[in-house]
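J.: Could you look at this predicted model? Sequence included:
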Amino acid sequence: MKKVIVIAALVTFALVFTGEASAGLFDSGIPASWTTLGNSGALGANGDVTLAPVGGSQYGWVSTNGGVTNSGLGLGYETNGSLLTSSVFSATAGDSLEFYFNFVTSDGAGFADYAWARLLDSTSTEVALLFTARTTPSGNSVPGYGMPAIAATIDPATVTIIPGGPYWSPLGGSSGTCYSGGCGYSDWVKSTYGIADTGNYILEFGVVNWSDTAYQTGLAFDGITVGGEPLGDPGIPEPVSLLLLGSGLLGMAGLRRRKV
């Protein structure tokens, strides 16, 4: 019985404190605890999308290719798209939420596909619109024109698309194609947001087609940290990890009492 308790406690500590948790969040694919609506995945350097400046050997992505209806911010004329939401994580007031994103679009002209990230509370209520990106035939693609103001600081502060038909496999048959002016990719942009209140949060990434379902658009992201710690790292355990840790500590405490 003592061996069972010790093993359970050690497994718990391994789950929460092992160095493997510090690896790239998407190195083994999209975490099983995250939720996909539409089409998402994880990928290494591919076509025009390199690895992020900070992150692992793979980044996460969402794409309108294989997307579903009713997946946008509700600005009007969205046709289909994809959403990826994280599991609930804890943050402390004053923590900095940081990540990198790369907007990739084969659409152009007046077909203003867009992408975004939002911070939600544990009830999925919006706390902050972190960034936006949108297809435009001229001017800046980030932040997205005609969209609500963003709450995060992005670097660079504005981004003009790197033009041309972007090669990137999540775009499906649209990879390498370009409909008129505005298609291309933003390259990696850093987003930084200061958490105002201690609590539990959800991170959401989304992308939609606008006015039609042709010529796909996607979003890559990686290097997600909260308070300087990688999301999922032992420094910011999710609630389930806290429960596992507690049970492990209780098991070890029970063993100590029996020895006494």
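T.: That came through, no problem. Fair warning: this is a prediction, and the values are worked out from it, not measured in the lab. Numbers count the residues shown, from 1 in each chain.

J.: Which is the succeeding secondary structure element to the helix or strand bottoming out on mean pLDDT in the chain?
T.: Each helix and strand of the chain was given a mean pLDDT (mean pLDDT, DSSP states H and E); the minimum falls on helix 2-17 at a mean of 40. Next helix or strand after helix 2-17 toward the C-terminus (DSSP states H and E): strand 35-37.

J.: Domain parsing of this structure, as residue ranges.
T.: As recorded under automatic domain parsing, the domains making up the chain are 1-18+234-260, 27-231.

J.: between the ones you listed, which gets the lowest average pLDDT?
T.: The weakest mean pLDDT among these belongs to domain 1-18+234-260, with a mean of 43.

J.: and Asp107, how many residues sit next to it?
T.: 26 (other C-beta atoms under 10 Å). For glycine as for every other residue, the C-beta is placed from the backbone atoms N, C-alpha and C.

J.: Please enumerate the helices of the chain.
T.: Per DSSP state H, the chain carries helices over the ranges 2-17, 239-259.

J.: which residues in the stretch 101-250 of the chain form strands?
T.: 114-121, 126-134, 153-155, 162-163, 184-185, 189-194, 199-210, 217-226, 229-230 (DSSP state E, counting those that start in this stretch).

J.: do you know which of these lies nearest Ser87?
T.: Ranking the strands of the stretch 101-250 of the chain by proximity to Ser87 (C-beta to C-beta) places strand 199-210 first, at 7.5 Å.

J.: could you give the angle of that closest one to strand 217-226?
T.: 170 degrees (axes from the mean of the first three to the mean of the last three C-alpha atoms, to 10 degrees).

J.: Nearest spatial neighbour of Ser57, chain-adjacent residues omitted?
T.: Excluding its sequence neighbours, the residue lying closest to Ser57 (C-beta to C-beta, 6 or more residues apart in numbering) is Asp27, at 5.2 Å.

J.: Let me see the contact set for that neighbour.
T.: 42, 56-58 (C-beta atoms under 8 Å, 6 or more residues apart in numbering).

J.: Let me know which of the domains of the chain is tucked in deepest.
T.: Compared across those, domain 27-231 shows the largest average neighbour count, a mean of 20 (mean count of other C-beta atoms under 10 Å).

J.: Now do it: distance from first to last residue.
T.: End-to-end distance for domain 27-231, by C-alpha to C-alpha, to the nearest Å: 13 Å.

J.: what do you get for stretch 149-159?
T.: First residue to last in stretch 149-159 (C-alpha to C-alpha) measures 15 Å.

J.: cool, stretch 167-179 as well?
T.: End-to-end for stretch 167-179, by C-alpha to C-alpha: 14 Å.

J.: same question, stretch 213-230
T.: 35 Å.

J.: Likewise for stretch 177-194?
T.: Stretch 177-194: ends 38 Å apart by C-alpha to C-alpha.

J.: Which residues are in contact with the closest residue in space to Val127 that isn't next to it in sequence?
T.: Excluding its sequence neighbours, the residue lying closest to Val127 (C-beta to C-beta, 6+ apart) is Leu119, at 4.6 Å. Neighbouring residues of Leu119 by C-beta under 8 Å, 6+ apart: 97, 126-128, 130, 151, 193, 201-204.
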